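J.: how would this look folded up:
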Amino acid sequence: AAVLTLLGSSFQSAGLLFVLVIPPPVYQGDSPGMFDATDYSRLVASVDYFSLMTYDYSSPARPGPNSPLDWVRRCVETLDPGSTSRSKILLGLNMYGFDYTSQGGGHVLGRDFVELLKTSPGSKFQFDSSSGEHFLEVKTADGKHTVFYPSLHSLQLRLSLAEELGTGLSIWELGQGLDYFYDLF
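T.: The predicted structure is shown next:
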């Protein structure tokens, strides 16, 4: 914390902003994260913004949505339960998806998602209301894929949540999603 406080003072003295990227305070299964409310409160005066990584909730070992709404809310409320400085939190907004297969999985960028749709005509997006995310199940020559991928609707739900919670936004990462995602901004 001392090094980060010193960095923050140096940036502020130079007229620069200090944005600190932080992992979520809680993970899937309510496992505690490496950065918690105590860390946040210690650094809040020294950091201009905290870019909160509210994505990559699931993994090939535990497939599922990338950024469930209730988890995103819990992350923000865990860091700042009293809403005293939420304007310093930038809620992480993923522009990519995740493709799960029986062999594992990996991130899916916009161009990959478009190619998958081209090879699987007639596939339909389904909405998972518990996570606020869309997913697609397709069969290809290499097996079954379950792909969680953002949509305008799922992104709008996260924008509304950020507004409700009083946070800002950080986008991960420009160029990874579909061009029409930016119509929301």
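
J.: excluding its backbone neighbours, what's nearest the most centrally placed residue in the chain?
T.: In the chain, the residue lying closest to the centroid (Cα atoms, centre = their mean) is Tyr55, at 2.8 Å. Take Tyr55 and drop its neighbours on the chain: the residue closest to it by Cβ to Cβ, 6 or more residues apart in numbering is Asn94, 3.7 Å away. From N, CA and C alone the C-beta is placed, and that goes for glycine too.

J.: Ramachandran angles for the one you found?
T.: Per-residue torsions, Asn94: phi -80, psi 140 (degrees, to the nearest 10).

J.: What backbone torsions are found at the residue nearest to the centre of the chain?
T.: Note on Tyr55: its backbone torsions stand at phi -160, psi 170 [degrees, to the nearest 10].

J.: Can you get me a residue count around Trp71?
T.: Number of residues near Trp71 (other Cβ atoms under 10 Å) recorded here: 19.

J.: Got phi/psi on the closest residue to it other than its chain neighbours?
T.: Excluding its sequence neighbours, the residue lying closest to Trp71 (Cβ to Cβ, 6+ apart) is Tyr57, at 5.6 Å. The phi/psi pair for Tyr57 (degrees, to the nearest 10) reads phi -60, psi -40.

J.: what's the spacing between Tyr57 and Val114?
T.: 24 Å (Cβ to Cβ, to the nearest Å).

J.: Looking at the two now, which is surrounded by more residues?
T.: Applying other Cβ under 10 Å to Tyr57 and Val114 shows that Tyr57 carries more neighbours, namely 24 against 11.

J.: just the helices in the chain please.
T.: All helices of the chain, identified by DSSP state H, fall at 2-13, 37-43, 69-79, 110-119, 152-165.

J.: what's near enough to touch Pro25?
T.: Contact analysis of Pro25 by Cβ atoms under 8 Å, 6 or more residues apart in numbering lists Pro32, Gly33, Phe35, Asp36, Ala37, Tyr40, Cys75, Thr78, Leu79.

J.: So what does it look like in phi/psi?
T.: According to degrees, to the nearest 10, Pro25 has phi -80, psi -10.

J.: thinking again about what came up before, tell me the one of the contacts of Pro25 nearest Pro150?
T.: The closest of the contacts of Pro25 to Pro150 turns out to be Cys75 (Cβ to Cβ; 17.7 Å).
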